[in-house]
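>>> Got a sequence here, can you build the structure:
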Amino acid sequence: MNIVGFLDLLISGTFYLLFFLVPLVFSSSTSELFEYNKMMLTYGATVVIVAAWIAKMIATKKFVYRRTFLEIPLLLYLGSHILSTIYSIDPHISIWGYYSRFHEGLLATISYILLYFAAVSNLSAVHVKRILYFSFASAIIVSVWGAMEHFGNSPSCMIITHKTGVDCWIQDVKNRVFATLGQPNWMAAFLDVIIFALLGFARKYQNKFVLILAPLFLFALYCTKSRSGFLGLGVGLFALVLAVIKIDNRLKVLICAVALAVGSAAGSYYYQHLPAPGPGITDSEAIRKPVWEGAIKVWQRYPVLGSGVETFAYSFYKDRPVSKNLDSEWDFLYNKAHNEYLNLLATTGTVGILTYAGFIGTFILWFVKKIVIPDSKFLLPASLFAGWTTILITNFLGFSVVIVGLFFFLIPAFSFLLDTDDKIEPQPAKEIDAMGFCFIGLVIFVAFIMELSLINMRNADKDYNDGKLRNATNQTEQFVVANASLTKAVTANPDEPTYRDELAYNQSVLASALFAQIKNATATAITALTPAEKMNLKSPQLNASVNELVSQAIKNSDEALTVSPHSFPFWKNRTKMFYQLAAIDEKYYSQALQSLTRASEVAPTDAKVFYNLGLLLDRTGDKAQAKRNMQKALEMKHDYQEVKDWLKKESDVQP
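Residues are numbered from 1 along each chain as shown. Coordinates of the predicted model:
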């Protein structure tokens, strides 16, 4: 095998592994179990594929690139994201994506588009079919995994806790499974695409392949109880029937379609007859409505380019409807609009949503032209297109995740390759001179550095996750261990403000704990001293340690907010930090108050902020202002029991 043959094998093999592994990979050691690891894997695969592609061009001394009908729409879409990032309220978030998932940040979008062009330029129809086989293999594992969860034994729990059952999950995974995808609706979106891709092989295997796997995939979809998944399946079925109505042997396809319809109807019926939400639990539609309203208001505030790619978690709070305070998820952090189109509208503006619609519309128009004159090889592209339309539906009721993003951008590439169905002629390797070897070596070196950077980022995230979990225990000894982990994370990835924000709070707790230790030790020691000795008693080394921790905490918080000044969570954590430091010096109460006031400006309709402002003002002795903030919180959330209790207590103590 020559070098070009090896590079071709590396490109196709990485695509196979990408579509097999992305649905399956997860880790309990990272800050987000599922999407973070899937995105890191996608980045790693993109680096390998693009590096091999560039090396192939150097080896063949030829520009290996194939133009397609989606070239201009994709570049326009990318351009809209670049502009939105430049004018973003938080460029760091826009480049990387919201922390932990990273999906749909500028770098993620670049990765998907590079994978599209790498696929159409280096793969053939044969490779597409093999990629689908690997996807089916992955879907079999996901479906069996989900079925096991449904019957009360989650393989995830066996891996994470080494125990059988489903107790490792807070979610009711028996009622709504999610296997290795992280959420029932995401698993349903994945299975929708897979089911229709499977139908594309119906004729070749006389339906045997379909008859074996389709019931498994349908049962797994049923176990997700995903309304968007069932609706997407129905729309995809309609699209498939319209697409294949003219081709030969359609009866077999329609029989499979009827089976899908029966399965989706049964699942939908079961889902509709689930018990109503329990006491205090708001229906999902009522939860989504104010989020969607807020997304539209964000777009109205930033109509051209949006607030910035993936900045919804920050921009939403400025325009969050007051009515959001009245549902059961009123104090949740929303980093997505729970509607892909509204999310794009809010974060990338009119320009972004139009280029997105241009991509979708161009692919649909291209495919409609193919329906007019279908041929014998049309079934698989038609099935892939039907699966792709399910994404348009599931994204409307939710948002895209990594595996869905891969299918969304690459199914059009696969359709193009299946339509052309030409075998890529082997590219003979030219005689590579010294300069060529140097360039190939440089490509390998850069790719190696990028892969090491991804590994370093993931290790930093693991340290951050360890520190964050230890901080959450509120145990002093755990804060000490957490400090080492968080410091390690910041050292490895100093540009990530999330790490500095968590470390700042950790350092404030340690500073106040060390100060209390000094105070207690001093109180014990001075009982045996004369008044003059008491005046001279000092602990310079320990006091220096306290001062250093205080200084570092404030510095890290400052740096986090310098990068992300619109981060509502960072302002809340800064308030907590100064509140801790007030145990050392009461002057920090005023800075805590300033931070919480800034949080109220970032999130002016969040009732909890004004409740906490009231508590802090009460603590500093400003009863009148405290009462005004409590009353404002109650106006926003009339069922706020803690506020009612505080107001009642204050009225009881009034003379």
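>>> Please make it C-alpha for all contacts and neighbour counts, starting now.
Will do.
>>> shouldn't Trp145 be in contact with Ala179?
Yes. Trp145 lies in contact with Ala179 (Cα atoms under 8 Å); the separation is 5.4 Å.
>>> got any ranges where the stretch 251-400 of the chain has weak pLDDT?
Low-confidence segments of the stretch 251-400 of the chain (pLDDT under 70): 251-280, 372-377.
>>> on that earlier part again, now do the shared contacts for Trp145 and Ala179.
Ser154 (Cα atoms under 8 Å, 6 or more residues apart in numbering).
>>> Comparing the two, which shows the higher neighbour count?
Just comparing Trp145 and Ala179: by other Cα atoms under 10 Å the higher neighbour count belongs to Ala179, 27 against 20.
>>> For the more buried one, give me the backbone phi and psi.
Taking degrees, to the nearest 10, you get phi 50, psi -120 for the backbone angles of Ala179.
>>> Please report how far it lies from Val166.
Separation of Ala179 from Val166 (Cα to Cα, to the nearest Å) stands at 11 Å.
>>> shared neighbours of those two, anything?
Overlap of the contact sets of Ala179 and Val166 (by Cα under 8 Å, 6+ apart) consists of Glu149, Ser154.
>>> where along the stretch 1-150 of the chain do the strands fall?
Counting by DSSP state E, counting those that start in this stretch, the stretch 1-150 of the chain forms no strands at all.
>>> How about the stretch 451-600 of the chain?
Using DSSP E, counting those that start in this stretch, no strands are assigned anywhere in the stretch 451-600 of the chain.
>>> residue ranges with poor pLDDT in it?
The stretch 451-600 of the chain contains residues with pLDDT under 70 at 521-543.
>>> same thing but 90
476-477, 514-546 (pLDDT under 90).
>>> Asp192 sits in which helix or strand?
Using DSSP states H and E, Asp192 sits within helix 184-199.
>>> Which strands and helices lie in contact with that helix?
Applying 3 or more Cα pairs under 8 Å, 6 or more residues apart in numbering; DSSP states H and E, one finds that helix 184-199 makes contact with helix 125-150, helix 208-224, helix 227-244, helix 379-396, helix 402-420.
>>> Tell me how far Asp466 lies from Gln183.
For Asp466, the distance to Gln183 - Cα to Cα - is 23 Å.
>>> Check the offset of stretch 334-354 from the chain's centre.
Chain-centre distance of stretch 334-354: 14 Å, with Cα atoms, centre = their mean, to the nearest Å.
>>> what comes into contact with that stretch?
Contacts of stretch 334-354 (Cα under 8 Å, 6+ apart): 77, 80-81, 84, 98, 288, 291-292, 295-299, 302-314, 316, 395-400.
>>> cutoff 6 Å now
For stretch 334-354, contacts defined as Cα atoms under 6 Å, 6 or more residues apart in numbering pick out 80, 84, 291, 295, 298-299, 303-309, 312-313, 395-399.
>>> Give me the subset of those residues lying in helices.
Counting by DSSP state H, the part of the contacts of stretch 334-354 found in helices is Ser80, Ser84, Val291, Ala295, Val298, Trp299, Phe312, Ala313, Asn395, Phe396.
>>> Go through those residues and give me the one with the most neighbours.
Result: Ala295 is most packed of those (other Cα under 10 Å), 30 neighbours.
>>> Give the full set of residues in contact with that one.
Residues near Ala295 by Cα under 6 Å, 6+ apart: Ala346.
>>> Same question for the one 10 residues further on.
If a contact means Cα under 6 Å, 6+ apart, then Leu305 has Ser84, Thr348, Gly349, Val351 as its contacts.
>>> Would you quantify the distance from it to Ser557?
Counting by Cα to Cα - Leu305 and Ser557 are separated by 29 Å.
>>> Ok, Trp388 next?
44 Å.
>>> The two - which one has more neighbours?
Using other Cα under 10 Å, the more surrounded residue of Trp388 and Ser557 is Trp388, with 27 against 24.
>>> Comparing the helices and strands packed on helix 184-199, which comes out most buried?
Highest mean neighbour count among those (mean count of other Cα atoms under 10 Å): helix 379-396, with a mean of 25.
>>> what's the span of stretch 191-210, first residue to last?
14 Å.
>>> Repeat that for stretch 99-108.
Start-to-end, stretch 99-108 (Cα to Cα) is 13 Å.
>>> same question, stretch 151-169
Span of stretch 151-169 from end to end, Cα to Cα: 14 Å.
>>> May I see the contacts of Leu305 arranged in TSV, with distance to Lys576 as well?
Converted to TSV, the contacts of Leu305 look like this (distance: Cα to Cα, whole Å):
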residue	distance to Lys576
Ser84	32
Thr348	33
Gly349	34
Val351	39
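>>> ok, so of the residues you listed, who is nearest Ile159?
Thr348 (39.4 Å; Cα to Cα).
>>> give me the element the closest one is part of.
helix 340-372.
>>> If you count neighbours, what's buried in that helix?
If you call a residue buried by 16 or more other Cα atoms under 10 Å, then helix 340-372 has these buried ones: 340-356, 358-360, 363, 367, 370-371.
>>> Please report phi then psi for the residue most central in space within the chain.
Nearest residue to the geometric centre of the chain (Cα atoms, centre = their mean): Arg101, 3.1 Å. When read as degrees, to the nearest 10, the backbone of Arg101 gives phi -100, psi -50.
>>> what's near enough to touch it?
Glu35, Tyr36.
>>> From Ile93, how far out is it?
On the measure of Cα to Cα, Arg101 and Ile93 end up 11 Å apart.
>>> Could you do Asn395 as well?
Distance from Asn395 to Ile93, by Cα to Cα: 21 Å.
>>> Could you do Thr68 as well?
31 Å.
>>> and if you look at Glu601?
Taking Cα to Cα as the measure, Glu601 falls 20 Å from Ile93.
>>> ok, the residue nearest to Phe151 when sequence neighbours are not counted - contacts?
Spatially, and ignoring its direct neighbours in sequence, Phe151 is nearest to Lys174 (6.5 Å; Cα to Cα, 6 or more residues apart in numbering). Each residue near Lys174 by Cα under 6 Å, 6+ apart is listed here: Glu149, His150, Gly152.
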